[in-house]
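Student: Take a look and give me a structure for this.
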Amino acid sequence: MTSPLRPPLEAEFRKLVGGLGYQCLALEKVREGGRLVLRLTLDVEGGISLQDCETAAREVNAFLDEHDEAFSEPFFLEVSSPGPERPLVRLEDYRRFRGEWIRISWKNGKKRVLCIDDVGEDGVVTLRSREGEVLQLPWTEIRRPRLHPEV
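Tutor: Numbering: from 1, shown residues only. Presented below is the predicted three-dimensional model:
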């Protein structure tokens, strides 16, 4: 079960991570195996390294030590990269990965694999299927987009 952080605390988290030079793709508080986990997914141009995760974890832990009142019980901090099948979260992600294949959920629940051909200034993404079918969708209407590197 996922629960959000208080908005002011989440904003401070994102500011801290941004100040380190990383993009915060996801920040979630979940219960797994009976323990509370604070999961932080980071990205940076060129990809996140293990050293990046360690650096961010040290800074985030120091920050959390100052804000321990935000958590009513002990928790485990997990800092990671988005991996090769990373989600596309922002409009800039579509621009960054133009020419790459993505997997999306379609209206009827089916999944489709499409290539990002272009991203308009208005936020409309032009996608192409393997068969050459072209779709244009506002990026905000694309459901659960993830890179799909095995095409």
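
Student: Please count neighbours and contacts with C-alpha atoms only from this point.
Tutor: OK.

Student: what's the distance between the residue positioned nearest the centre of the chain and Gly109?
Tutor: Nearest to the geometric centre of the chain sits Leu25, at 3.2 Å (CA atoms, centre = their mean). Per CA to CA, to the nearest Å, Leu25 is found 24 Å from Gly109.

Student: Could you list the domains of this protein?
Tutor: 2-80, 91-147 (automatic domain parsing).

Student: Any stretches of the protein with poor pLDDT?
Tutor: 1-7, 70, 151 (pLDDT under 70).

Student: Now do the helices in the protein.
Tutor: 7-19, 50-66, 91-96 (DSSP state H).

Student: want to try TSV for these, with mean neighbour count and distance to Arg31 as columns?
Tutor: Output for the helices of the chain, formatted as TSV (neighbours: other CA atoms under 10 Å; distance: least, CA to CA, whole Å):
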stretch	mean neighbour count	distance to Arg31
helix 7-19	14	18
helix 50-66	14	18
helix 91-96	15	29
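
Student: would you turn these into CSV with distance to Arg146?
Tutor: Output for the helices of the chain, formatted as CSV (distance: least, CA to CA, whole Å):
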stretch, distance to Arg146
helix 7-19, 22
helix 50-66, 21
helix 91-96, 10
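
Student: what about the ones you listed, which gets the closest to Lys29?
Tutor: Judged by CA to CA, the one of the helices of the chain that comes nearest to Lys29 is helix 7-19, at 10.9 Å.

Student: how much does the closest one deviate in direction from helix 50-66?
Tutor: 140 degrees (axes from the mean of the first three to the mean of the last three CA atoms, to 10 degrees).

Student: In stretch 118-138, which residues are buried?
Tutor: 118-119, 123-128, 136 (16 or more other CA atoms under 10 Å).

Student: What of stretch 67-85?
Tutor: Neighbour-count burial for stretch 67-85 [16+ other CA under 10 Å]: 77, 79-82.

Student: circling back: mind checking which of the buried residues of stretch 118-138 land in strands?
Tutor: Those of the buried residues of stretch 118-138 mapping onto strands are 118-119, 124-128, 136, per DSSP state E.

Student: for Lys29, which residues make a bridge with it?
Tutor: Beta-bridge partners for Lys29, by DSSP bridges, are Ser3, Leu38.

Student: burial measure for it, as a count.
Tutor: Lys29 has 18 neighbouring residues, counting by other CA atoms under 10 Å.

Student: Noted, bye for now.
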